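Novice: Model the structure of this input:
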Amino acid sequence: MIIRTLAALGMLGCFALAAHAAPPPLIRGLHLMAPTPEEMPLALRFIQEALPKEGVNVLVLEFDYHYQFTKHPEVADPDALSLDNVKQLADACRKAGVRLIPQINCLGHQSWAKTTFGLLRSHPEFDETEGKYPQNEGIYCRSYCPLHPGLHAVLFDLIDELADATGADAFHVGMDEVFLIGENDCPRCQGKDKAALFAGEVRALHDHIAATKRTMWMWGDRFLDGETTGLGKWEASQNHTFPAIESVPRDIVICDWHYEQAAPTPEHFAVEGFPVLACPWRQPEVALAQLTEIRGVRAHATDEIAGRMQGMLATTWTNLGQFVNAYFGQDPVNRQAVEAASTFRALMREMRAGNGE
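Specialist: Residues are numbered from 1 along each chain as shown. Presented below is the predicted three-dimensional model:
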């Protein structure tokens with residue numbers, strides 16, 4: 001009787017193993033800033049030579065306003081890429097077996113230091129704090145007002161034009177480190193709940209991108225409670241945007257960035273129903289710990305949760321030329337580029353060792 005029972009349990013175990021679906025192959029991703037026109041030969045060489053060698057299958061390329069938009073040329077940077085440049089990048093990615101995903105930072109990151117970027121430079125009426133903070137003194141980055149009635153007509157045109165130029169099936173909208181939202185200086189947003197404003201903009205972007213048959217990607221920090229997690233105001237939110245996670249679509253790909261530690265937040269996003277990527281920067285030990293975390297959940301969680309742990313997206317945070325030259329061993333001066341390149345190499349080497357993950 002005991003033998004028959006053990007045999008039956010063994011057979012059930014075999015059936016359970018057979019029924020367990022393998023999660024999709026890991027995304028081996030890299031986030032880069034778009035090249036300048038002068039950096040195009042270097043960018044094409046990197047895509048054609050380095051990305052296949054390293055096993056990269058996704059490249060998120062942050063353009064922002066570094067493209068010669070035709071519908072709204074006023075937002076373009078002075079040294080923006082042409083349509084031909086962008087098609088060359090897209091063609092190189094296709095030939096290298098790499099999925100190209102363009103990015104425009106939405107909501108926050110509309111300025112850096114004293115420089116206000118293309119959207120608010122050409123349309124100051126869209127600014128959340130229009131007329132305030134001359135030369136951007138006293139703030140981290142400007143934000144646009146998500147409730148301005150003219151905003152989305154322009155922004156959606158930019159997203160569509162760049163997505164069409166790259167032939168992309170997904171679009172990254174940024175949305176990290178949003179500090180100016182629901183400001184009392186804004187006649188439309190003052191007094192409104194910050195989580196509701198953030199969620200509303202996420203839904204507006206998602207619904208437009210989904211209507212074009214594309215998937216939306218975004219950074220995940222504003223969905224995390226900075227005080228409860230102890231992650232603080234940069235890697236998470238301390239201005240009460242985090243409840244927005246409860247009211248946004250679950251098919252958004254969350255890029256969960258943490259650079260100093262392997263916080264257990266990818267599991268949080270996966271349990272909440274989101275596909276998620278862990279995103280390191282310039283510490284190899286952190287990147288490898290995040291990969292171990294992703295692998296562990298994929299090996300031991302339910303099929304549903306395991307399938308949402310989609311892989312890794314290495315970040316760089318220097319201009320493309322600095323990172324690529326550091327990767328090729330030609331720029332030992334820029335410390336951050338060298339560290340990011342070293343982390344990228346270590347992460348991809350370990351991912352290639354995974355044999356078909």
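Novice: tell me which element Arg298 is part of?
Specialist: Using DSSP states H and E, Arg298 maps to helix 284-300.
Novice: Can you list the helices and strands that that helix packs against?
Specialist: helix 265-271, strand 276-279, helix 303-308, strand 309-314, helix 335-352 (3 or more CB pairs under 8 Å, 6 or more residues apart in numbering; DSSP states H and E). All C-beta spots, glycine's among them, are computed from the backbone N, C-alpha and C.
Novice: What angle do helix 284-300 and the last one make with each other?
Specialist: If I follow you right, that is helix 335-352. Angle of helix 335-352 versus helix 284-300, following axes from the mean of the first three to the mean of the last three CA atoms, to 10 degrees, is 30 degrees.
Novice: contact partners of helix 335-352?
Specialist: Contacts to helix 335-352, defined as CB atoms under 8 Å, 6 or more residues apart in numbering, come from residues 26, 28, 30, 54-56, 280-284, 286-288, 291, 312, 314-318, 322-323, 325-327, 331-332, 357.
Novice: Report the mean confidence score over that helix.
Specialist: Computed over helix 335-352, the mean pLDDT rounds to 97.
Novice: same deal with stretch 280-287?
Specialist: On average, stretch 280-287 scores 98.
Novice: same check, this time on stretch 99-119
Specialist: pLDDT averaged over stretch 99-119 gives 98.
Novice: if we can go back for a sec, quick one: buried ones out of the contacts of helix 335-352?
Specialist: By neighbour count, with 16 or more other CB atoms under 10 Å, the contacts of helix 335-352 hold 26, 28, 30, 54, 56, 280-284, 286-288, 291, 312, 314-318, 322-323, 325-327, 331, 357 as buried.
Novice: Would you mind getting the angle between the helix holding Arg298 and strand 309-314?
Specialist: 170 degrees.
Novice: Check which residues of helix 284-300 are buried.
Specialist: Pro284, Val286, Ala287, Leu288, Ala289, Gln290, Leu291, Glu293, Ile294, Arg295, Val297, Arg298.
Novice: can you give me how far it is from the chain middle?
Specialist: On the basis of CA atoms, centre = their mean, to the nearest Å, helix 284-300 is displaced by 18 Å from the centre of the chain it belongs to.
Novice: And the contacts of that helix?
Specialist: Where contact means CB under 8 Å, 6+ apart, the residues beyond helix 284-300 that reach it are 23, 26, 258-262, 264, 266-267, 270, 278, 280, 305-306, 309, 311-312, 314, 342-343, 346-347, 350-351, 354, 357.
Novice: Stretch 251-259 now?
Specialist: When contacts are defined by CB under 8 Å, 6+ apart, stretch 251-259 is touched by residues 31, 60, 170, 172, 176, 202, 206, 210, 215-221, 223, 231, 235, 265-266, 269, 274-283, 286, 290, 310, 313, 315.
Novice: Over to stretch 31-49?
Specialist: Contacts for stretch 31-49 (CB under 8 Å, 6+ apart): 59-64, 66-67, 79, 81-82, 85, 88-89, 92-93, 95-96, 98, 103, 255, 279, 313-316, 318-321, 323-325, 327-328.
Novice: Buried only: go through those for me.
Specialist: Buried subset of the contacts of stretch 31-49 (neighbour count, 16+ other CB under 10 Å): 59-64, 66-67, 81, 85, 88-89, 92-93, 96, 98, 103, 255, 279, 313-316, 318-321, 323-325, 327.
Novice: can you tell me which of these are in strands?
Specialist: Judged by DSSP state E, the buried ones among the contacts of stretch 31-49 include Leu59, Val60, Leu61, Glu62, Gln103, Cys255, Cys279, Leu313, Ala314 as members of strands.
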